[in-house]
Structure formats: C-alpha cells, structure tokens
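Undergrad: Give me a model of this one.
(2 chains)
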Amino acid sequence: MGDETRRHDVTLEWPDADRERRTIRIGEDETVLEAAERADIALPFGCRTGACGTCTGRLLSSNGNGDADEGTPDVADAFAYRRPPRALKERHRDTGYVLLCIAAPRTDCRVAVGSSVHAELVENPWK
Amino acid sequence: MSDASTPGDAEPEPEHDHEHHHDHEGPGYATPQAAIEEGEREKLAYVMSLYVGTDVDASDFVAVVDLDPESETYCEIVDRIELPNRGDELHHFGWNACSSSCHMEGLERRHLIVPGQRSSRIHVIDAADRRNPELETVIEPEEVFEYDLSAPHTVHCIPDGEILISMLGDADGDLPGGFLELNDDFEIEGRWEPPGEIEMNYDYWYQPRQNVMVSSEWAAPKTYYPGFDLEDVEEGNYGHQLHFWDWEDGTVEQTIDLGEEGLIPLEVRFLHTPESTHGFVGAALSSNIFHFWRDQTGEYRAEKVIDFEDREHPDWDMPVPALPTDILISMDDRYLFGSNWLHGDVWMYDISDPANPRRADSLSVGGTFGDVQEVQGRELSAGPQMIQLSLDGERLYWTTSLFSSWDEQFYPEEGERGSVMLKADVDPRKGTMELDEDFLVDWGECPDGPARAHEIRWPDGDCTSDVWQ
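TA: The predicted model follows:
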C-alpha cells in the first residue's frame, strides 16, 4: 500500500455474537475482507467475486451519518466496488447491504458483519 | 474393500473391487449385478462437511465416517481431511474413475475430486489409504475462471480416465454455465462442450452405450447462492428444462421444457443398466418426479409420474411444498429413493415399470412435519436431504444439509446444532424401510463447532456415482 493511499477506519460489529467490536484501518485499494484477513479477523466469505453474498455486511453508519433516526446510510458514499455486486438485489443495495469481499471503503464507517447478516437477505417465503 | 489398508513404503494397494472378480482390468465392477454381489458392506463413508457461511473460523472438510457395526468407533467421524482454505462450500464430489472405466487397465478408483461450490476451487484427494486420505492437489479458482466457468457441481469420470464437472455459472457467477474437463493428471483440459450449448446447468448423468448424457438446471450461481427468493421464481430465474446431449460430440441434441410442474429439476439419474434409456429427475420446487425415456422415434420424452402434495402448517402462511431435493436408483434398478427436505420424509417407489412408479414405503423423520423429531435424544434440525444407498440396497443413509444459505433460511437451527447422518434398514424384497434408531452420526460434536453434512460416497462405488459402459 502506497503512502498516498487514503485510509479509513471501519468498525466491524457482530449483531448476534458476544464479540467485541473491532476497528481496522483500511486503505481505499483494499477490500474489507482483505483487511480483515490481514488483521486476523475471520469474516464469512465464499466466492470472493461478488456473486454469492456470503460476505454480506450491513452499513450502520457512514461518516457519522446513519445512526439513530437518520435513515439508511448510502452504501455508494461509503464504499467503492471492484466488481458489480451481483449477489445483491436492488432492494438489498437500497437498504444498506454491502458485499465486503469486493468493497473498499471511501469513508469512516460502521458495518454489521457475521453470518447472521447474510441470513437477513431472504426469508422463508412460506412461513 | 478393506478399510484397514496399511500405508508403507510401497504404493498402497487399493484393495477394492477386484478381490473376487477378475474378468476386467480396471476399476469398479463389470456390471451392476456384480456390484451387488461382489461389493462388500460399506464400512466407511466420505461425507462433505462444511463451515462456510458460519462464524466458525475453520475450513470445510471431508469426514471419514466409520460405518462398521463391529468397530469400536462405529458412527464416529474417524478422520477429517481439512482443506487449506475457508469459504469453499463443499457440496458434491466424485471419483476419478468408476465402473465405466472397468476396461482401463491400470486405472484405479483412488482419487476423490472435491469441488468448492462457492469458491470454484477444486481439490484432489488421494484415498489410496481408505481410512486416512490425503489432499494431493488443488486447482485454484483463478485457473477455473480462465475458462469463463464457476460453481462446480457434479463430478463424473469419463470412461477413458478423464473427469467431467458440471459448472453452473460463468466466471462472474452469471449464466451460462457449462462443463469443465480435467485430464488424468488432474489438470484442466478445457471446456468439454462448445460454449453456449446451454444456459443453466446443474446435475448430469450419462449412458455411454446409448451415447447420451442428460443434464438438469438449477439457476445462475448469483441467483441461488444468497438463498431462495420468490422474486427469482416470478422473474423466471430458476430452471425447468432437461437437456439431452450427444455424449461423443458434447452437443445438445434435444431440450425438454418441463414447464411449471418441473421447476428446479435437480438430481438426474439414468437406470444403471447400460442398455436403458429410462431415467428420473426430481423437480424440487414443483414437488414432482419426472420419468424420461427415449421413444421409438429416437426422441426423448418426459412425464410427471410422482406428485407430492403441499401440506398446511398451522404456523406457516402458505402451504409448504415437499421440496424433493435428492433421488437415487437402487443398483438393481428396482427402487427409486428420495428425500422431501421441507416435509421431512424419505421414500421409496418400486420402478419395475418406470412409467408407473408404485409407492412402496416412506419414513417421516425430521423436517417440518416429521413424526420422529429426535434420535437418541438428539433433536433433528432439518429434513432428510442427500441420500446414499448400500450396493445391496439394504441400507439407506442420509444427511440433512442442503446448501448453507438455504439451510439458514428454512432450518436456522441447523447452523447452531450441526447436521446428522441417519440410516434406515431397507427390505428390498418386501419394499419396506425402518429407521435404525441405533445409528446416529452427529456433526454437532465436531471440534471446531457444529458443521453441516452433505453428500455421501462409499470408497468402492455407490448408487449415485457408478456408470456402466
């Protein structure tokens, strides 16, 4: 990573697990998954190409926006994708879901991570 | 077979199929009947086991399960071949050689080809020592993507020693899929078919004496990977076709659209006898089983022959489909077995007349409606899913995981408790099944945490991988 690379603080939060938040400093040329691996933090992942959704996170706040009643923060403001996020439908993209295997940060942000986030994408349609 | 082969300085001798049979030179059995008569009782099983999609920081593994009732470690996972990367989603796998190569002198049923469904990574495991197999080679995803393919699924050997893998997507996880061919050194040979023959892909089976291959359809990887979404059904993103191929040329000769009653045709099986052009496919979402056959004009035809009714659940909003996700045909071609994953059934139909299957028996176990919801005090988290039958047709085994993201959607407890492997004793003469409540293999007890269990294979060939030429 060159010295000129802009970096951002990304805080990872596990909603359903009794785990501490972790904040890692990530360059704009690095994906969240790559940075987590560098920091020895295990995040779920599968295809690493944006097709499978296993790595899905949910943007909680971006540059301080999005907490409390400020609505869903815009993923496009917080991350740049290396490739199209094929696993996410429009409704997922609009509600803050982000594929961490192909997303590099553009702001400081907080992201819900872990397998339970992926499980939010689709519900049992018969239940 | 012996599951106690002794590794030593000399190349381990796979003591499998030839102990009693010497009228062929290669792997496997000369005929399906020879497999029934000469195959010994299964004493080990290889089972796909996975952590992908969970918060357990461990790679997927191949479990070696002790199935010998005389063994002190009966019903235990006695070895785990851990793979070098996380994120694979081990799913279906196969042997480098089967009975279709029994004419190939020097070829052995020795290597397991183990793809990662999500990663597109392909592992080659040397199972010469049946009880302690070792990882030999890894084909990395980037090598696969070079052929604009991803999401490897069904592995069959080609009768000349090469290996063919159905691939469900292009390098981006979109359509079309295709087929990847490996040579006998486990290197990528290239695409088997001219690109563009099909859009969707899933399972396949071939009948070389009839020069035919049949393939089925799931969806684009990007569609099914995240989970099952009714929006995709409405948009027509799930498959409903069967493709019949010229096996020699690798080209599609005929496509049959199964229509709305044939949504998501998954596992597809020809009868084992190499003369037959009859087979079956399960349409998971439509809860139907189709029979297909070649008619007198040389065209293939398909007809719905089994229809599982939806069931009402007091706490669910809509009637629940059965979701028959796996089928297999007994080695003697008399019975069709299958699993209804959502309802919680395993079933057997007499297919002596394949156009008119006759229900023989079923077991209600696990799933949403199963009469049996625990075995040995172990609560069942999901319904029967991948099934495997002994060569003699007397023992049916099954596991309970379908696909990690779909498990999470329909049986979220599976991730917390892990999968189980269960068994029914089958009486093929009477056409009955009985749950063996003494048999339970529990993936909830794995050292790294609860794991899922998927496809099952026997060391010396089984009802879902052996083809005859």
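
Undergrad: Could you pull up the contacting residues of A:Arg6?
TA: Shown in contact with A:Arg6 (CB atoms under 8 Å, 6 or more residues apart in numbering or on different chains): A:Gly27, A:Glu28. Every C-beta, even on glycine, is put in place using the N, C-alpha and C of the backbone.

Undergrad: how near is it to chain B?
TA: 28 Å (CB to the nearest CB, to the nearest Å).

Undergrad: Chain neighbours aside, what residue packs nearest to the residue in chain B positioned nearest to chain A?
TA: For chain B and chain A, the shortest gap (CB to the nearest CB) falls at B:Gly173, measuring 2.5 Å. For B:Gly173, ignoring the flanking residues on the chain, the nearest one in space by CB to CB, 6 or more residues apart in numbering or on different chains is A:Ala51 at 2.5 Å.

Undergrad: Which of the helices or strands spans that neighbour?
TA: Using DSSP states H and E, A:Ala51 is not contained in any helix or strand.

Undergrad: isn't it right next to A:Pro84, touching?
TA: No - with contacts counted by CB atoms under 8 Å, A:Ala51 stays clear of A:Pro84, the gap being 9.3 Å.

Undergrad: These two - which one has more neighbours?
TA: A:Ala51 (32 against 16; other CB atoms under 10 Å in any protein chain shown).

Undergrad: For the more buried one, give me its contacts.
TA: Counted by CB under 8 Å, 6+ apart, A:Ala51 has contacts A:Arg86, A:Ala87, B:Ser150, B:Gly169, B:Asp172, B:Gly173, B:Asp174, B:Pro221, B:Lys222, B:Tyr225.

Undergrad: Okay, and which of those map to helices?
TA: Judged by DSSP state H, the contacts of A:Ala51 include B:Pro221, B:Lys222 as members of helices.

Undergrad: Take the contacts of A:Ala51 and keep only those in strands.
TA: B:Ser150, B:Gly169 (DSSP state E).

Undergrad: hey, what's the residue nearest to B:Ile139 when sequence neighbours are not counted bridged with?
TA: Of all residues beyond its chain neighbours, the one nearest B:Ile139 is B:Ile122 (4.1 Å), with distances taken as CB to CB, 6+ apart. Note on B:Ile122: beta-bridge partners B:Pro115, B:Ile139, judged by DSSP bridges.

Undergrad: wait, is B:Ser100 part of a strand?
TA: No - looking at B:Ser100 with DSSP: H, G, I helix; E, B strand; the rest coil, it is helix, so not inside a strand.

Undergrad: before we move on, back to that, which residues are in contact with each of A:Ala51 and A:Pro84?
TA: B:Asp172.

Undergrad: which residues does A:Val111 bridge with?
TA: Partner residues in beta bridges with A:Val111, using DSSP bridges, are A:Leu12, A:Leu59.

Undergrad: burial of it, as a residue count?
TA: The number of residues near A:Val111, taken as other CB under 10 Å, comes to 25.

Undergrad: Give me the buried subset of the contacts of A:Ala51.
TA: Neighbour counting by 16 or more other CB atoms under 10 Å in any protein chain shown classes A:Arg86, A:Ala87, B:Ser150, B:Gly169, B:Asp172, B:Gly173, B:Asp174, B:Pro221, B:Lys222, B:Tyr225 among the contacts of A:Ala51 as buried.

Undergrad: so the first one touches B:Asp172, yeah?
TA: Yes - contact criterion CB under 8 Å: A:Arg86 and B:Asp172 qualify, at 6.5 Å.

Undergrad: which neighbours do the two share?
TA: By CB under 8 Å, 6+ apart, the residues touching both A:Arg86 and B:Asp172 are A:Gly50, A:Ala51, B:Lys222.

Undergrad: ok, which stretches of chain B are helices?
TA: If DSSP H is used as the criterion, the helices of chain B fall at B:32-38, B:141-145, B:221-224, B:230-234, B:404-410, B:413-417.

Undergrad: which strands and helices sit next to the first one?
TA: Read that as helix B:32-38. When contacts are defined as 3 or more CB pairs under 8 Å, 6 or more residues apart in numbering or on different chains; DSSP states H and E, helix B:32-38 packs onto no helix or strand at all.

Undergrad: Check what pLDDT A:Glu20 gets.
TA: pLDDT, A:Glu20: 87.

Undergrad: and what of B:Asp203?
TA: The score at B:Asp203 is 98. That number is its pLDDT.

Undergrad: Please tell me how far it sits from B:Phe280.
TA: Distance from B:Asp203 to B:Phe280, counting by CB to CB, to the nearest Å: 12 Å.

Undergrad: any common contacting residues for these two?
TA: With contacts taken as CB under 8 Å, 6+ apart, B:Asp203 and B:Phe280 have B:Val268 as neighbours in common.

Undergrad: Please identify which of those two sits among more neighbours.
TA: B:Phe280 (27 against 24).

Undergrad: where in the chain is pLDDT low?
TA: Picked chain A for this. A:1-3, A:17, A:66-70 (pLDDT under 70).

Undergrad: Actually, chain B is the one I wanted.
TA: For chain B (pLDDT under 70), the answer is B:1-23.

Undergrad: change it to 80
TA: B:1-25 (pLDDT under 80).

Undergrad: need the contact list for A:Arg83.
TA: Contacts for A:Arg83 (CB under 8 Å, 6+ apart) come out as A:Thr49, A:Gly50, A:Ile102, B:Asp172.

Undergrad: farthest pair in those residues?
TA: Largest separation among the contacts of A:Arg83 by CB to CB: A:Ile102 and B:Asp172, giving 11.2 Å.

Undergrad: and for these two, which residues touch both?
TA: Listed contacts common to A:Ile102 and B:Asp172 are A:Thr49, A:Gly50, A:Arg83; contacts here mean CB under 8 Å, 6+ apart.

Undergrad: And these, which is closest to chain B?
TA: A:Thr49 (6.1 Å).

Undergrad: Confirm for me that that closest one is in contact with B:Asp170.
TA: No - at 10.5 Å, A:Thr49 does not count as touching B:Asp170 under the criterion of CB under 8 Å.

Undergrad: one step back: from B:Tyr224, how far out is the residue nearest to B:Gly173?
TA: With CB to CB as the criterion, A:Ala51 and B:Tyr224 are 10 Å apart.

Undergrad: what do you get for B:Gly418?
TA: As for B:Gly418, its distance to B:Tyr224 is 23 Å (criterion: CB to CB).

Undergrad: quick one, which of A:Thr49 and B:Asp170 is more surrounded?
TA: A:Thr49 (26 against 22).
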